[in-house]
Structure formats: C-alpha cells, structure tokens
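Undergrad: sequence unknown, structure follows:
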C-alpha cells in the first residue's frame, strides 16, 4: 500500500519559517521525482517545488530564494524548508510522487497558514 504522509504544517507569522516533511512508503522512493504542490482556497493547485532522482531542483518563481526542497533517500522522505513566509503562501501543501510520468501518488495535504 502506497502512502505519502505530510507533516510540519501549521500557523506562522509573516516572515516566519516552517519545514514540511513527506514520508513515503510502498514505493521505490529513490526512483521517483518528488514534488510539493499547494492549493489556496478558490485557486488551482500549483507546483511549488520539485526534486528529481539526481537531486536537481526546480521552483515556482513565487517561492524561489525562499523555499528549499531536499530529499533523504535513506529515510524515504522529502522536505520543504519554507523561509520568509508571506500570507500569500497560505494553502494546503501536498506531496506528490511521480515515476517516469506514468505512476503518481498524492499525500493528503497539510495546512500552512501565514498571518499578517
């Protein structure tokens, strides 16, 4: 059974930091591209950051320089370090695992709320 379990969300003040974690089970984690998406109320889900199997990373323009994605293949875990948080970062954050574009899995999401 495949599971992606996010943790680390919560309420933080403007300018604060949070670290999200996503622990994966049931997949060959090191072979998967891992992504973080987010969805704010009334908006479409958007890609925030991704990390491939060689640890190459990509970021949405809105978070570049503030967020850092990383992975620990030994722990089957991907992280999202979020610094200098803004109210517009408020959303449900989802972990996503993708294998060769044909097999993908989603976590249940974790709420991040940034107060002004």
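TA: Ah, there it is. What you see is a predicted model; the values in this text were computed from it and never measured.

Undergrad: Return the helix or strand in the chain with minimum mean pLDDT.
TA: Counting by mean pLDDT, DSSP states H and E, the chain has its least confident helix or strand at strand 103-106, which shows a mean of 94.

Undergrad: Check which helices and strands that one is in contact with.
TA: strand 91-99 (3 or more Cβ pairs under 8 Å, 6 or more residues apart in numbering; DSSP states H and E). Heads up, the C-betas are built off the backbone N, CA and C, glycines and all.

Undergrad: Go ahead and measure how far the strand it packs on is from the middle of the chain.
TA: When distances are taken as Cα atoms, centre = their mean, to the nearest Å, strand 91-99 is centred 6 Å away from the chain's centroid.

Undergrad: average pLDDT for whichever helix or strand comes after the least confident helix or strand of the chain?
TA: Using DSSP states H and E, the helix or strand that directly follows strand 103-106 along the chain is strand 110-115. Here strand 110-115 scores 98 as its mean pLDDT.

Undergrad: ok, the closest residue in space to residue 69 that isn't next to it in sequence - contacts?
TA: In space, and not counting its chain neighbours, residue 69 is closest to residue 49: 4.0 Å by Cβ to Cβ, 6 or more residues apart in numbering. By Cβ atoms under 8 Å, 6 or more residues apart in numbering, the residues touching residue 49 are 35, 36, 57, 58, 59, 60, 63, 67, 68, 69, 80.

Undergrad: The nearest residue to the fifth one once chain neighbours are set aside is in what secondary structure piece?
TA: By that I understand residue 59. Nearest residue to residue 59, sequence neighbours excluded (Cβ to Cβ, 6+ apart): residue 49, at 4.9 Å. Residue 49 belongs to strand 46-51 when assigned by DSSP H and E.
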